[in-house]
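I'll drop the sequence and a predicted model, then ask my questions.
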Amino acid sequence: MDINKRVLLWSALAAAFVCAAAGLLPRVAAEKANKSVAFVAEYREVASLAYQNNVEPADVWRRINDLGVLGVAAAEYTGDELASHNPMPVRFGSASLLCASAAKKNFSRAVLRFLPDFVYADILWEYIKAKLPASELIADGGYKVILLPGSVEELKFSAFVPDVAALEFARASGVPALFRPGPCTPASGQNVADAFSLLLEKYPNIKNITPAGLVAPGYPELEPLVSVMKAHDITMSQVEFIKQVGVPQLAKMAAPYVIPMHSLTRDEIISRGLSRRTIADRFVRAVHERSIRLIMVHPYDLQMGGRLDIFAGDLAVYKEALEARGCKMEWPHTSPVRSSPLAGAAACGIVFVFTLWFYFARLTASEAENVSPFTAAALFVASLVLGAAMWKLPLLAKLQGGLCGALVAAEAALSALDCWKRRPICSIGALLIVLAGGLSIASFYGTSAAALRLTPFSGVKLTLLLPPLMVLYHDLVRRVHPEPLGEIVSRPVLWGELVLIGVMLLALLVMAVRSDNVSNVPVLEVAFRDFMERALAVRPRTKEFLVGYPALVLYWYLVRRDYLPHYREAARLAASLAFCSAVNTFCHFHTLLQLSVIRVLNGWWLGMAVGLVFTALLHFAFVPFCRRARSYLASKH
């Protein structure tokens, strides 16, 4: 007995949903198990707070440690930092100023000078010798002087002096240390690894590396440092939204010893006008939504005086909010390694083959016809073969990801747009298509490496840009738009069409540029997003509830009332953005799966509600006003 094409499509999507659910079980289990989070504070700021309150750093530490600060960050000083504010009892400068015995033939050479009884003299020399082997140690007029291999200008932005006081403090307090090495131009990758090995021998409580500066230490020779890290189970943190040359490669090589980190700089807080409440929201969302496990906290300069009390109060707010969401304040561990499941590959194969097949059926106006059982079986076999090929061939999987998401979004959009006579059922059906396709993509591509952003999903832009073009092509072929493409090209262009085309192209460009790019989001929109976060458990995406779904409801209204037939295409294309965005939500593999589902659902119901309100205003206020205005003008003539 033959099978209806729509029934076959829905059966295939149901099969894909089952396969996707099976493939997602390890991810869901890992997300439920990994709830640990810790705050990390710079030792320099702990010491500064102690000075301001006339107490010992250990006293400050005990107070903030109870509020979730579980690790101490130890920096690596650059020549410029040593010269400008002397964080250690050493002097950095040229030999002509600091070393008389070396000045005659090495007057421009950079030197580091300290007293012989400096408590960290030995470890300092050993570390510098390991990192900069061409260094020399000499005595000069009651001082010890390290002759460095370079000029002051060359070493100005090179990091080569560890904050030994911070490491000693962490060891004495029995807490994990987070070491922050910076780039050092004269030091090779092997030199960086040797120096770090030396530190680990003396400070085994170093548990994490977070590269500082603009370039990864030792870049491009990163293998030696990674080898040392893996040999000692040292994790690495890549601060999100921070661009550093070589750090993504370092994180990829260090996997699975990677723990994501979030931090806010003083410059960002001031430039964006962030309040203490907004900072708290940022931190909580980073942990709750993006699986961040380490938060670098600072006593931000937003209020003068009483800095320790304010800092402790802020930490208490962070901790309470995170614990309310099920997080545990403890030093985080790495997530178990998850590869792409075969069930997820099968789900993606089914979704890709059947949505592509049905799109061509739509183009030929045969979507309501029947097919033979043989054709149905052949489609399922092709789906499984494609899924197996994706599972075995990474290049094919990379190419298919964006196409799969685009096909799902296009089918969901066309399903909702073309069933305007059964609006509630069709809107729910389109949502189910998004869920089936989105979960299939999340199942196959949502590996542990993708969750850590080590293997970014390459199809995000394609998922956003291709579906509107597919909808437009479908509408021109099927004459959904009242004019075929030939007539549109041959007749004079209408100004209204030019304006609409310009607006839509600009909107698509802005959407593509802003995707996954926080720096391009205006301050006002950031404030609106923060409001939505507080109003709802999970903020829906703006282009869904303010653009896409309202445009869908508007299109239904225009079709029922037979308004603006030549301009309804703009509403159809705008409506497709909702489904592009919803599918794209599942491509954010660092976000908890549960939150992605809630975000899509929130965008759907809120967008439909906004669309109903907007359409009601249009029908009961704007349209009558236009009619009365037209009648009034007609009476005047």
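Alright, I've got the coordinates. What you see is a predicted model, and the numbers here were worked out from it, not measured in a lab.

Send me stretch 296-304 as CSV with only the CA atoms.
Listed next in CSV are the C-alpha coordinates belonging to stretch 296-304 (Å, rounded to 0.1, in the frame of the first residue of the first chain):
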residue,chain,number,x,y,z
MET,A,296,37.9,35.0,37.8
VAL,A,297,36.5,37.5,40.4
HIS,A,298,37.9,41.0,41.3
PRO,A,299,37.0,43.7,43.8
TYR,A,300,35.7,46.0,41.0
ASP,A,301,36.2,49.8,41.4
LEU,A,302,32.5,50.7,41.2
GLN,A,303,32.2,52.1,44.7
MET,A,304,34.9,53.9,46.8
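
how far is it from where the chain is centred?
Centre-to-centre, stretch 296-304 and its host chain are 24 Å apart (C-alpha atoms, centre = their mean, to the nearest Å).

Name the surrounding residues that touch that stretch.
In this structure, residues lying in contact with stretch 296-304 by C-beta atoms under 8 Å, 6 or more residues apart in numbering are 39-42, 45, 49, 69, 73, 239, 261-264, 266, 269, 275-276, 279, 283, 307-308, 310-311, 314-315, 318. Quick note: C-beta positions are derived from backbone N, CA and C, even for glycine.

So which of those residues sit within helices?
45, 49, 266, 269, 276, 279, 283, 307-308, 310-311, 314-315, 318 (DSSP state H).

Lowest-confidence entry in these?
Ranked by pLDDT, the ones in helices among the contacts of stretch 296-304 bottom out at residue 266 (78).

Quick check: that residue vs residue 90, distance?
26 Å (C-beta to C-beta, to the nearest Å).

ok, these two, which is more surrounded?
Under the criterion of other C-beta atoms under 10 Å, the comparison of residue 266 against residue 90 puts residue 90 first, with 20 against 11.

what's the pLDDT at the more buried one?
The predicted local confidence for residue 90 is 90.

roughly how far apart are residue 423 and residue 416?
Residue 423 sits 9 Å away from residue 416, going by C-beta to C-beta.

higher neighbour count, those two?
Set residue 423 next to residue 416 and count neighbours by other C-beta under 10 Å: residue 416 wins out with 28 against 16.

wait, the more buried one sits on residue 427?
Yes: Residue 416 sits in contact with residue 427 when judged by C-beta atoms under 8 Å, with a separation of 5.8 Å.

anything in contact with each of those two?
Counting by C-beta under 8 Å, 6+ apart, the shared contacts of residue 416 and residue 427 are residue 552.

In the protein, where is pLDDT below threshold?
Low-confidence segments of the chain (pLDDT under 70): 103-104, 482-531, 533-534, 636-637.

domain parsing for it?
3-30+337-627, 35-329 (automatic domain parsing).

For my notes, please list those domains in CSV and give distance to residue 635 for each entry.
Shown next, in CSV, are the domains of the chain (distance: least, C-beta to C-beta, whole Å):
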stretch, distance to residue 635
domain 3-30+337-627, 13
domain 35-329, 53
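
Would you check how far apart residue 332 and residue 253 are?
Counting by C-beta to C-beta, the separation of residue 332 from residue 253 is 20 Å.

between those two, which one's more packed in?
Shown here are residue 332 and residue 253; by other C-beta under 10 Å, residue 332 has more neighbours (23 against 18).

who are the neighbours in contact with the closest residue to the more buried one other than its chain neighbours?
Spatially, and ignoring its direct neighbours in sequence, residue 332 is nearest to residue 293 (3.7 Å; C-beta to C-beta, 6 or more residues apart in numbering). The contact partners of residue 293, by C-beta under 8 Å, 6+ apart, come to 34, 36-38, 259-261, 287, 332.

From those residues, pick the one nearest residue 549.
residue 287 (29.2 Å; C-beta to C-beta).

The closest one: helix or strand, and which one exactly?
Secondary-structure element containing residue 287, defined by DSSP states H and E: helix 276-290.

With residue 573 instead?
Applying DSSP H and E, one finds residue 573 within helix 568-585.

Residues in contact with the helix holding residue 287: which ones?
Here helix 276-290 makes contact (C-beta under 8 Å, 6+ apart) with 37, 240, 260, 262, 264, 269, 274, 292-293, 295, 297, 300, 302-303, 314, 317-318, 321-322, 325, 327, 530, 533-534, 538, 590-592, 595.

before we move on, back to that, the domains of the chain: which one's closest to residue 633?
Taking C-beta to C-beta, domain 3-30+337-627 is the member of the domains of the chain nearest to residue 633, at 10.6 Å.

Any idea how far the closest one is from the middle of the chain?
21 Å.

Next, the distance between the ends of that domain.
Start-to-end span of domain 3-30+337-627 (C-alpha to C-alpha, to the nearest Å) is 49 Å.

still on that earlier bit, which one of the ones in helices among the contacts of stretch 296-304 is nearest to residue 362?
Taking the ones in helices among the contacts of stretch 296-304 together and measuring to residue 362 by C-beta to C-beta, the closest member is residue 283, at 46.4 Å.
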